[in-house]
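*Asks:* missing the sequence, but the structure's below:
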């Protein structure tokens, strides 16, 4: 997993490259935690993520108290299917925020 982070004033973009699974999750969470306190808007660009398992759902549902509210864009077909299925099984879960991107 290769992760790039771009910060422009109060906004940040985090772009992972590779599969989001149990092994990749700690690095992704650390990328979010490492953002400066001045960042108020974070966009996760998931275009380069061809596969995601339940670890990706954990990333999508992390509490807002951990930092700025995330926005997810560039979802590929497999992650979209996973999120839709998870939303059907758990309609109260926060994954709906990811289906718009």
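*Replies:* Yes, it's here. Keep in mind the model is a prediction, meaning the values are calculated, not measured.

*Asks:* Sketch out the low-pLDDT regions of the chain for me.
*Replies:* Per-residue confidence for the chain (pLDDT under 70) gives these ranges: 63-67, 95-101.

*Asks:* What segments of the chain are strands?
*Replies:* Along the chain, the stretches classed as strands by DSSP state E are 2-8, 11-17, 41-45, 70-73.

*Asks:* Mind putting those into CSV with distance to residue 59?
*Replies:* All C-beta spots, glycine's among them, are computed from the backbone N, C-alpha and C. Shown next, in CSV, are those (distance: least, C-beta to C-beta, whole Å):
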stretch, distance to residue 59
strand 2-8, 12
strand 11-17, 9
strand 41-45, 8
strand 70-73, 8
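
*Asks:* chain center to stretch 34-51, what's the gap?
*Replies:* The chain centre lies 7 Å from the centre of stretch 34-51; the measure is C-alpha atoms, centre = their mean, to the nearest Å.

*Asks:* who's in contact with that stretch?
*Replies:* By C-beta atoms under 8 Å, 6 or more residues apart in numbering, the surrounding residues in contact with stretch 34-51 are 5, 7, 9-21, 32, 52, 56, 59, 67-76, 78-79, 101.
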